[in-house]
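K.L.:
Fold the stuff below for me.
(chains A and B)
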Amino acid sequence: MIIPSNLKYTKSHEWVRLEDDGTVTIGITQHAQELLGDMVFVETPDAGRKLKQGEECAVVESVKAAADVYAPIAGEVTAVNPDLESAPEKINQDAYAAWLFKLRPVNTADLNNLLDAAGYQKILESEED
Amino acid sequence: MKTTSLNQTHREMKAKMVDFGGWDMPLHYGSQLDEHHKVRSDAGMFDVSHMLAVDIKGGLARSFLRRLVANNVDKLTQPGKALYTCMLNPQGGVIDDLIIYFLTESHFRMVVNAGTAAKDLAWMLAQRDEIAPGLEIIPRHDLAMIAVQGPNARAKVWQVIAGAQAETENLKLFQATMYDKFFIARTGYTGEDGFEIMLPSQDAPDFWHALHDAGVTPAGLGARDTLRLEAGMNLYGQDMDETTSPLESGLGWTVDLKSDRDFIGKSALLEKPVKQQLIGLILLERGVLRSHQKVATQHDDNEGDGEITSGGFSPTLNQSIALARLPLTVSAGDEVQVLVRDKMLRAKVVKHPFVRNGKSLI
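P.N.:
Residues are numbered from 1 along each chain as shown, chains lettered A, B, ... in the order given. From the prediction side, this is the model:
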C-alpha cells in the first residue's frame, strides 16, 4: 500500500497536502479507493463554502457504495477539481493525484492534529485486525 | 466460510473476495466496470458454483413440480428445455426463483439460489413427503457451475470443449444438453447470449483456465449484479422474497393462473388484489439510485410511497437505473422523485429491461 510521506491523513481516509500558497488540497486515500472500487459519481462542495472540521462536505460514490468525505480541518473552499464530474474514475487511477477540493485553513496549525504517514499506516493495520 | 472448487483459482487471479451469504466469492478481479463492458462486448465468465443444482428423480417428478412451482412444467415437452419459475409459500410469497430443466420424464434438474438452498431443500423434502413419497431429491454439491456470457461466449466455449459446437450450436434460448461431462445450457443472468455450464467440481479449475486462455474475462459478483440489473432481471432477496407476491414483483409472466392446475400459493394469489408493480427507473440527475430509497409519485393515493428494490449505476447507459416497487397507477413515462441521501432527485419511469444484447432499449 502506497502512503506518501509528504501528506497528512485522517482516520476517515482523507489525505491532505499543504501547498506553497497556504491552501490545503484534499482527496481520498488509495486504501479508500480500493475499498470502494470503481467510482461512478463525485459530489464536491461549492467554492466559498465555509467548513467546520469534521463536517460532511463531499460524496464519492462507487458501483458498490456511497461514502461521505469530511473536512479534515476548518476552512473555506477555494477550488474543486473540475475533472471529476465527467471522469470520477481518475480517483481509481491515482487517488493521490485526483484531488477533490482545496481549502484555505482557518488555522494552518490544525494540520498538526492530523496523522502522518506512519500514523495512518497504523490505522490501516488496526482495521485489518 | 463456504468455498467453491474455484476458490484458489480466483485468488491466483487476484480476485477481491467477499462474504456473499456465507460463501467466499470474487467481487471483481480489478475493475468491476471493465468486467461489465467485456461481457457486453466480448465474453466474460462467472463462477456460480455457489448456486445449487438439485436433481428430481422418479416417476412422480412432473406431478410433484406441477404442485410445487408457480409456472407450468407442462410447458416442458422437449428434453433439455428449461423453465424459469417461482416456488411460492401458501401465502403466495416467493420462497425462491429458480430454473427447471426437463431431462427425462423421470429426471428434472432445478438450479436454486445459494442463499436459499438450505431452506428450499427443506421445503421440497417436506412437500415431497406429502405429494410424492419415494421421489428422489438429490442436491448436487458435486457439480461446479460456470456462466460464460457475452456475444463471443459460445464461440469461445466451442474452442475449449472439443466437439461441443455440433452438439450445442442449435440449442435455442432456454435449452440445454449433456455433452461428455458437461451440462451445457443456453441461459444466463446478463442479458447477453452465452452458456451456463455445469461440470464435475474437480474439473472446474482446468476448464476455467482453458476459457481464460481462450480470451474469456473472469468477472465477479459486482459485474454480475450490474449486468442483471441492466437486463431487468430480478434478484432474490432484493426484488422479491417470502413477503412479496410475484404479481407485484414483475414476475406475473412466470405465474400460470390460466390452467386449472392447483399449485402452492395459487389460492392466496387469486384472493389478494394486486396493488403494486415492479418497474424501471432512470435517474434524470447526477447521483446513484440504491435499494431501499423511497420513491414519491404524483399518484400517491395513501397507498404509501414506492421503494427502490435494486438500484445502481448502469455502465452501459452511463447513468443510474433501478427497479422499484410502485403503485399500479404509475406508468412508463411518468416522472417520480427519489430520496437519494438527503435530496429529492427526479427519475423517469421506464419499462425494463434497460439493455439487451449489448444495446440500450431506453
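K.L.:
check which helix or strand covers residue A:31.
P.N.:
helix A:30-36 (DSSP states H and E).
K.L.:
what residues does chain B put near chain A?
P.N.:
B:16, B:27-28, B:31-33, B:222, B:226, B:286-288, B:290, B:312-313, B:315, B:320, B:341 (CB under 8 Å from any CB of the partner chain). Bear in mind the C-beta positions are built from the backbone N, C-alpha and C, glycine included.
K.L.:
Going through the residues you listed, which ones are buried?
P.N.:
Listed as buried from those are B:16, B:27-28, B:31-33, B:222, B:226, B:287-288, B:290, B:312-313, B:315, B:320; burial here means 16 or more other CB atoms under 10 Å in any protein chain shown.
K.L.:
And for residue B:127, nearest residue in space, chain neighbours not counted?
P.N.:
Nearest in space to residue B:127, with sequence neighbours left out and distances taken as CB to CB, 6 or more residues apart in numbering or on different chains, is residue B:68 at 5.8 Å.
K.L.:
pLDDT averaged over the helix or strand that residue B:166 is a member of - what is it?
P.N.:
Here residue B:166 sits within helix B:164-168, counting by DSSP H and E. The average pLDDT for helix B:164-168 rounds to 97.
K.L.:
May I have that helix exported as PDB, CA atoms only?
P.N.:
Output in PDB follows, covering the C-alpha atoms of helix B:164-168 (Å, rounded to 0.1, in the frame of the first residue of the first chain):
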ATOM      1  CA  ALA B 164     -19.200 -29.300 -28.400                       C
ATOM      2  CA  GLN B 165     -20.100 -27.000 -31.200                       C
ATOM      3  CA  ALA B 166     -22.000 -29.600 -33.300                       C
ATOM      4  CA  GLU B 167     -24.000 -30.600 -30.200                       C
ATOM      5  CA  THR B 168     -24.800 -27.100 -28.900                       C
END
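K.L.:
So what touches that helix?
P.N.:
Helix B:164-168 has contacts (CB atoms under 8 Å, 6 or more residues apart in numbering or on different chains) with B:154, B:157-158, B:177, B:179-180, B:182, B:184, B:186, B:195.
K.L.:
Now the element after it, going C-ward?
P.N.:
Next in sequence after helix B:164-168, counting helices and strands by DSSP H and E, comes strand B:176-179.
K.L.:
what are the pairing partners of the helix or strand that that following strand is followed by, and which direction each?
P.N.:
Downstream of strand B:176-179, the next assigned helix or strand under DSSP H and E is strand B:182-185. Applying DSSP bridges to the sheet, strand B:182-185 is found paired with strand B:176-179 (antiparallel), strand B:194-200 (antiparallel).
K.L.:
For chain A, state which of the contacts of helix B:164-168 is nearest.
P.N.:
residue B:195 (25.7 Å; CB to the nearest CB).
K.L.:
what number of residues lie near the closest one?
P.N.:
For residue B:195, the tally of surrounding residues (other CB atoms under 10 Å in any protein chain shown) stands at 26.
K.L.:
Same check on residue B:36?
P.N.:
With other CB under 10 Å as criterion, residue B:36 counts 27.
K.L.:
Then it would be within a helix, right?
P.N.:
Yes: per DSSP: H, G, I helix; E, B strand; the rest coil, residue B:36 lies within a helix segment.
K.L.:
surely it meets residue B:313?
P.N.:
No: Residue B:36 lies out of contact with residue B:313 (CB atoms under 8 Å); the separation is 9.8 Å.
K.L.:
most centrally placed residue in the chain?
P.N.:
In the absence of a named chain, this looks at chain A. residue A:27 (2.6 Å; CA atoms, centre = their mean).
K.L.:
right, and that one touches residue A:102 too?
P.N.:
No: judged on CB under 8 Å, residue A:27 makes no contact with residue A:102 at a distance of 10.3 Å.
K.L.:
and the gap between residue B:111 and residue B:164?
P.N.:
Residue B:111 sits 20 Å away from residue B:164, taking CB to CB, to the nearest Å as the criterion.
K.L.:
residue ranges for the helices of the chain, please.
P.N.:
Since no chain was named, I'll use chain A. Listed in chain order, the helices of chain A (DSSP state H) span A:30-36, A:90-93, A:117-128.
K.L.:
Please refer instead to chain B.
P.N.:
Along chain B, counting by DSSP H, helices occupy B:7-12, B:32-41, B:61-68, B:117-131, B:153-160, B:164-168, B:204-213, B:221-230, B:266-271.
K.L.:
Need the ones you listed in a markdown table (columns: distance to residue B:334).
P.N.:
Output for those, formatted as a markdown table (distance: least, CB to CB, whole Å):
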| stretch | distance to residue B:334 |
| --- | --- |
| helix B:7-12 | 43 |
| helix B:32-41 | 28 |
| helix B:61-68 | 38 |
| helix B:117-131 | 37 |
| helix B:153-160 | 37 |
| helix B:164-168 | 43 |
| helix B:204-213 | 44 |
| helix B:221-230 | 20 |
| helix B:266-271 | 26 |
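K.L.:
and which of the contacts of helix B:164-168 is nearest to residue B:325?
P.N.:
Checking the contacts of helix B:164-168 against residue B:325 by CB to CB gives residue B:186 as the nearest, at 30.6 Å.
K.L.:
The closest residue to that closest one other than its chain neighbours: how many residues sit nearby?
P.N.:
Using CB to CB, 6+ apart and skipping the chain neighbours, the partner closest in space to residue B:186 is residue B:171 (4.5 Å). Counted with other CB under 10 Å, residues neighbouring residue B:171 total 17.
K.L.:
Quickly note the distance from residue B:171 to residue B:158.
P.N.:
12 Å.
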